[in-house]
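Sharing a sequence plus its predicted fold:
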Amino acid sequence: MAIDGFGVTEFQLVLLRRMADFRPELVEEAVRRLGATRAGMREANRRWQAMVRSSRFPRGGGRYAVVLGAAERSAARRVGDLECVARQWALPLWPQLRFEVLLGPAEIGAPVLNAWLVRAEGVPVPVLRTVADLVPWGCVVGDVGAAFPGAVPREGSAPTRFRLDFAAPDVDGRVRSWAADFTWGLLQEVRVAEEQSSDFRSMQGDIQ
């Protein structure tokens, strides 16, 4: 399904546009796989932004249905005290993942509470034991949260970004604090947590 020529391919380009800040090399390859160009990616993102701001464009979960078609899967999900619905769509670029839209209770208008990539049901989760296993685009928020209990969610630097702070062994087996950055739920990079870096810089200052 598509609206005015904007369908699954164009929507994937929108997701890629936000990932380009972190992983331009992976985005470049993905754009080629879609038979598109970087200019086409920027145009798709411009069109999407214009559509979601238009008063004629569907609100809530309906905006995704008009460009992606009927959801592959829809299931009730309880989030705290809220009775929600999670709808999922398959995207060719990431066959082991699904684009999931979490909708709030119908009685308050079924607002979109979250929209990102998740592991598809029945697909094996990658083995994540150390930070070296956290490969860009290799896992989603849920994978990392499950592999490293105690991970703390943080707001990202933009609406489509998300961060997890967690502890994990480095390549030498030393447990350290890390921050994982995600765009649309997909891992982009892992870095030493800011708190740990600040402590290290402070120690250096004391030594000097």
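Sure thing, it's come through.

domains of the protein?
What automatic domain parsing lists as the domains of the chain is 1-57, 59-124, 131-199.

Include mean pLDDT and mean neighbour count when you put those domains into CSV, please.
Any C-beta I mention is one placed from the backbone N, CA and C, and that applies to glycine too. Formatted as CSV, those follow (pLDDT from 0 to 100; neighbours: other Cβ atoms under 10 Å):
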stretch, mean pLDDT, mean neighbour count
domain 1-57, 94, 16
domain 59-124, 95, 15
domain 131-199, 91, 16
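
Just the strands from the protein, written as ranges.
Counting by DSSP state E, the chain has strands at residues 73-79, 82-90, 97-103, 112-119, 152-155, 161-169, 175-183, 186-192.

what's the closest of those to residue 35?
Residue 35 lies closest to strand 82-90 among the strands of the chain, at 18.4 Å (Cβ to Cβ).

Quickly run through the sheet partners of the closest one, with directions.
Looking at strand 82-90 with DSSP bridges, its partner strands are strand 73-79 (antiparallel), strand 97-103 (antiparallel).

quick one: residue 191 from residue 43, how far?
32 Å (Cβ to Cβ, to the nearest Å).

what do you get for residue 160?
Using Cβ to Cβ, we find residue 160 at a distance of 18 Å from residue 43.

Scan this protein for its longest helix.
In terms of residue count, the longest helix belonging to the chain (DSSP state H) is helix 38-53.
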